[in-house]
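Engineer: from the sequence below, what's the structure:
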Amino acid sequence: MKRESSWFNALFRNIPIVYILACIVTSTILGMAGHDLVTQFLSRPPNTLSQSLGRYYFLATFSIHILQALAALILYELLNRHWKLKNFWIKVIAFALLLAVINENFLRRFIMEIIADHRNIDYEFLMIAVPAYITYVVVAWIIVTFNSYFKKIWSKIISLILVALCYQYLENMIHTFLLSIFQLNAGGQFTQGPYGLEVLIAIYATYLVPVTGMYLTYIWIRESFPQHGKGLLYFLLLVGVHGQLLGIFQIATSQGNIFNRIFYYGSFWWELLIVAFTIVFFIERREKNQAMLRN
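Structural biologist: You can find the predicted model right below:
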């Protein structure tokens, strides 16, 4: 049998497109349903995060970005084992795009702020989207550069710190710089549900994008995971890459019923937990069935 030369075509070598769509759509519906059940029916617990942590607020957020940077470094290490990309800049753009997709910053975040919060389109894409995209490109460039040309442990530490600093400051710095040049009005107002039908449809439709990214990511890196516990490991990796660790501090510093606080501020965890386990279930079940047929 002729070996697949394309790393992208190899993704779909033995998987029917209908099965892929079923996995992505099911993961999207279940993941967003888990998130919406919490945010739609539970009130937002009062939160005093910045006041409670005081001068330690910076350390708390930077520690989260350190973990997010570490997760991004681990993800690239896993991807690079299976990617057959040779060109340096293709690696950078591909990894930056993947990070943006997984983090819901590839169209979804901006479209939802326009639809749900009625933000102005020009402001949203120039002042919000551009800084986010530049940040992910810089993060990807740092990770790919240090991974490609520096192999010492000190280089890993330096790249970890640089990526964490990018996550902490770069997007806001670019946003501030653009504000000094372009006098654009954000418009709109922040909304916190319950949402109308048109907004709910947009929520589910746009969530197909990050779930597709998570699906492709797992296809690429699944062979690097041990035989057991793949769902849990992939969930933890997604939480880290997504940067969804602030909820720990929000739960600790908010007020009210502890279960309400855990479910509300941990809603992104339940969403990613459902998506990760659903994707792993679909793909591993397919692989097991294929193995049985071959035998």
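Engineer: when you work out contacts or count neighbours from here on, use the C-alpha atoms and nothing else.
Structural biologist: Noted.
Engineer: list the contacts for residue 217?
Structural biologist: residue 79 (C-alpha atoms under 8 Å, 6 or more residues apart in numbering).
Engineer: where does the stretch 101-250 of the chain have low pLDDT?
Structural biologist: 188-195 (pLDDT under 70).
Engineer: count of neighbours near residue 229?
Structural biologist: 11 (other C-alpha atoms under 10 Å).
Engineer: now residue 100: closest residue in space that isn't a chain neighbour?
Structural biologist: The shortest distance from residue 100 to any non-neighbouring residue, by C-alpha to C-alpha, 6 or more residues apart in numbering, is to residue 106 (5.2 Å).
Engineer: now residue 128
Structural biologist: In space, residue 128 is closest to residue 175, 6.8 Å off (C-alpha to C-alpha, 6+ apart).
Engineer: so which strand or helix has residue 99?
Structural biologist: Using DSSP states H and E, residue 99 sits in helix 88-102.
Engineer: can you tell me what sits against that helix?
Structural biologist: By C-alpha under 8 Å, 6+ apart, helix 88-102 touches 72, 76, 85, 106, 133, 136-137, 139-141, 144, 209-211, 213-214, 238, 241-242.
Engineer: would you say residue 184 is within a strand?
Structural biologist: No: Residue 184: not assigned to a strand; according to DSSP: H, G, I helix; E, B strand; the rest coil it is coil.
Engineer: so who does it touch?
Structural biologist: Contact analysis of residue 184 by C-alpha under 8 Å, 6+ apart lists 122, 123.
Engineer: how about it, phi and psi?
Structural biologist: Dihedral pair for residue 184: phi -110, psi 140, per degrees, to the nearest 10.
Engineer: kindly report the same for residue 186.
Structural biologist: phi -70, psi -40.
Engineer: tell me the contacts of it?
Structural biologist: Shown in contact with residue 186 (C-alpha under 8 Å, 6+ apart): 119, 120, 123, 124.
Engineer: repeat for residue 82
Structural biologist: Counting by C-alpha under 8 Å, 6+ apart, residue 82 makes contact with 220, 221.
Engineer: buried ones among the contacts of helix 88-102?
Structural biologist: Buried members of those, counted by 16 or more other C-alpha atoms under 10 Å: 72, 76, 106, 133, 136-137, 139-141, 144, 209-211, 213-214, 238, 241-242.
Engineer: quick one: which of the residues you listed sit in helices?
Structural biologist: Among these, the members found in helices (DSSP state H) are 72, 76, 133, 136-137, 139-141, 144, 209-211, 213-214, 238, 241-242.
Engineer: any idea how far residue 213 is from the residue nearest to residue 100?
Structural biologist: Separation of residue 106 from residue 213 (C-alpha to C-alpha, to the nearest Å): 10 Å.
Engineer: equivalent analysis for residue 75, please.
Structural biologist: 13 Å.
Engineer: can you map out the helices along the stretch 51-200 of the chain?
Structural biologist: Applying DSSP state H, counting those that start in this stretch to the stretch 51-200 of the chain gives helices spanning 57-82, 88-102, 108-116, 121-123, 130-149, 153-165, 171-181, 197-221.
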